[in-house]
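Asks: pasting the structure only:
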């Protein structure tokens, strides 16, 4: 049945990390559609009576889509849509592990792992495959992305939590009064 209405949820570009990969999740408690970026809720929209996630023919538009002059510059990895309510803890847990694809309530799951071509494959089993327009595949390079860390890797584009910092000691600053 295609007699379902569409719902729009806009995510402010302020929530997108420009230099690191972003994981986006949408979840619903059937009253609100909630948008999460990297495990943190960033938007919600009220759902009308006849709206159901995963029903109808409304496309999902990422990175601008049909909205003119709103373009996305950044990295995306792992996008999922659920027709059940998930807690923020569940979403954060899902971020740190790969889904199987047959989890209860999972409507769409795009892992962004093909590495070539113009199709974004849905791994939920629901065949909600997507078309890629204007984006290019980027290989994930894991490592420390914090330039202040002692083991910073300038080639890394995915922070793997391995950053190390100098141990605190008993230090002070000395100023010589010239060019301070």
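Replies: Here it is on my side, so go on. None of these values were measured; they are calculated from a predicted model. Numbers count the residues shown, from 1 in each chain.
Asks: With adjacent residues omitted, what lies nearest to the residue nearest the centre of the chain?
Replies: Nearest to the centroid of the C-alpha atoms of the chain, with distances taken as Cα atoms, centre = their mean, sits residue 23, at 1.9 Å. Of all residues not flanking residue 23 in the chain, residue 78 sits nearest, at 4.4 Å (Cβ to Cβ, 6 or more residues apart in numbering). To be clear about C-beta, it is placed using only N, CA and C from the backbone, and glycine gets the same treatment.
Asks: what's the answer for residue 32, then?
Replies: Closest to residue 32 by Cβ to Cβ, 6+ apart is residue 44, at 4.6 Å.
Asks: What residues sit buried inside the strand or helix carrying that neighbour?
Replies: Residue 44 belongs to strand 40-46 when assigned by DSSP states H and E. Within strand 40-46, the residues scored as buried using 16 or more other Cβ atoms under 10 Å are 42-45.
Asks: need the next SSE after that strand, C-terminal direction.
Replies: Per DSSP H and E, the first helix or strand lying C-terminal to strand 40-46 is strand 75-82.
Asks: Show me the contact partners of the helix or strand just after that following strand.
Replies: Counting by DSSP H and E, the element after strand 75-82 in chain order, helix or strand, is helix 88-95. Contacts to helix 88-95, defined as Cβ atoms under 8 Å, 6 or more residues apart in numbering, come from residues 23, 25, 27, 36, 38-41, 78, 80, 86.
Asks: any idea of the angle helix 88-95 forms with strand 75-82?
Replies: For helix 88-95 against strand 75-82, the angle by axes from the mean of the first three to the mean of the last three Cα atoms, to 10 degrees is 130 degrees.
Asks: how far off helix 88-95 does the helix or strand just after helix 88-95 point, in degrees?
Replies: Counting by DSSP H and E, the element after helix 88-95 in chain order, helix or strand, is strand 106-110. If you take the same axes, to 10 degrees, strand 106-110 sits at 40 degrees to helix 88-95.
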